[in-house]
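>>> Give the three-dimensional model of this entry:
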Amino acid sequence: MAKGKRKLEELAKKLDLIFEVRDARAPNMTSSPLTESFSKVCPVYIILSRADLAEEGATKAWLHFFKEKKRKVWALNLLEGKIEPLRRDILRLRPPYRELRVAVMGIPNVGKSLFLNLLVGRKRAQVGGIPGVTRGVSWYKGQDILAVDSPGILDPRSHVEIHRRLAWLGSSRPDVIGGCDAIAVSLLSFLRERGLWRLIEDKWGIPDEGEDNLILLEKIGRRLGCLVSGGRVDLALAGQRFIDAFATGKLGRVTLEWPGERYPWEID
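Numbers count the residues shown, from 1 in each chain. Sure, this is the predicted structure:
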């Protein structure tokens, strides 16, 4: 992380703008550990991706929260591909003598590549190094824009519960924090606590009858056909498919955090 940070800090001095892509369902938890230092060198625009998967009221609250802090922020459904208003806004920053230089950064699997494709065109052309700009950096050329993609970096110092919730969104690996079955059980617990079990019942017809979360995961696994010899449920596979369904929005709109909300692990 330290080496990547030094390289990006050197690069930031040559940029006009940085886009930080976050998941609209967890705008704090999906923030990059590098943003704070870069904002002192270069303007940072926050892109809340997957706004179509987040609760609308929560996203409005987050937009208000960031704007109150004088942060530039856009909530986007990247699958729609409608970013022309954003392009018009940023091109006002373009120097008259060259293209606008931007970087796209964020933690893993928040939509950075899709956003970069929309920014410079799906058939993006990779160009070589630019004189006076960090070596070993690949630039992509679009109309009036030169963009660089940065590696997805997670903060290893974050609380394990944050990594667990990032795994619900597909941004952290379940296998390094307990496995898919354990991560799925924690997600089931969250949905119950938030009064969102109806999403499970609507999707798979499984009512909440007060059973243990592991038994409920087994029921979901049977619905999804995650069976092995003897008719037993493969809980790891069931967990993986359940997490995938949640992460891709197949269960409906869910926001994991709201502005000003304290995390349970922060409360004594």
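>>> Mean confidence (pLDDT) on stretch 161-175, please.
For stretch 161-175, mean pLDDT rounds to 92.
>>> So which bits of that stretch are buried?
Buried residues in stretch 161-175, counting neighbours by 16 or more other Cβ atoms under 10 Å, are found at 162-172, 174. Any C-beta I mention is one placed from the backbone N, CA and C, and that applies to glycine too.
>>> Make CSV from those residues and add distance to Tyr45 and secondary structure to it.
As requested, the buried residues of stretch 161-175 are arranged in CSV below (distance: Cβ to Cβ, whole Å; DSSP: H, G, I helix; E, B strand; the rest coil):
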residue, distance to Tyr45, secondary structure
Ile162, 23, helix
His163, 26, helix
Arg164, 29, helix
Arg165, 24, helix
Leu166, 22, helix
Ala167, 27, helix
Trp168, 26, helix
Leu169, 21, coil
Gly170, 23, coil
Ser171, 20, coil
Ser172, 24, coil
Pro174, 31, helix
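>>> from those residues, which is closest to Phe246?
Minimum distance to Phe246 across the buried residues of stretch 161-175 is 5.9 Å, recorded for Trp168 (Cβ to Cβ).
>>> number of nearby residues for the residue nearest to the closest one when sequence neighbours are not counted?
Leaving aside its sequence neighbours, Trp168 sits nearest to Leu187 (Cβ to Cβ, 6 or more residues apart in numbering; 5.0 Å). Leu187 has 24 neighbouring residues, counting by other Cβ atoms under 10 Å.
>>> try Lys250
Neighbours of Lys250 (other Cβ under 10 Å): 12.
>>> isn't it right next to Trp204, touching?
No. Applying Cβ atoms under 8 Å, one finds Lys250 not in contact with Trp204, separated by 10.5 Å.
>>> Other residues contacting stretch 233-243?
Contacts of stretch 233-243 with the rest of the structure, by Cβ atoms under 8 Å, 6 or more residues apart in numbering, involve 167-168, 170, 174, 179-185, 187-188, 214, 217-218, 220-222, 224, 226-228.
>>> Stretch 169-188 now?
For stretch 169-188, contacts defined as Cβ under 8 Å, 6+ apart pick out 23, 25-26, 30, 107-110, 154, 160, 163-164, 166-168, 200, 213-214, 216-217, 235-240, 242-244, 246-248, 256.
>>> quick one, domains of this structure?
Here the domain parsing of the chain from automatic domain parsing is 2-149, 160-266.
>>> mean pLDDT lowest for which of those?
Mean pLDDT is lowest for domain 2-149 among these, at a mean of 84.
>>> coming back round to it: helix or strand: which one has the residue nearest to Trp168?
Leu187 belongs to helix 180-193 when elements are defined using DSSP states H and E.
>>> in that helix, what counts as buried?
Neighbour counts over helix 180-193 (16+ other Cβ under 10 Å) mark 180-188, 190-191 as buried.
>>> and after that helix, which helix or strand comes next?
Heading C-terminal from helix 180-193 (DSSP H and E), you reach helix 198-204.
>>> for whatever helix or strand comes next after that next one, packing partners?
Sequence-wise, the next helix or strand downstream of helix 198-204 (DSSP H and E) is helix 213-223. Counting contacts by 3 or more Cβ pairs under 8 Å, 6 or more residues apart in numbering; DSSP states H and E, helix 213-223 packs against helix 180-193, helix 198-204, helix 235-247.
>>> Could you export the ones you listed to TSV, including columns for distance to Gly142?
Output for the helices and strands packed on helix 213-223, formatted as TSV (distance: least, Cβ to Cβ, whole Å):
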stretch	distance to Gly142
helix 180-193	37
helix 198-204	38
helix 235-247	29
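>>> Which of these sits closest to Glu68?
The minimum distance between Glu68 and the helices and strands packed on helix 213-223 falls on helix 180-193, with 27.4 Å, by Cβ to Cβ.
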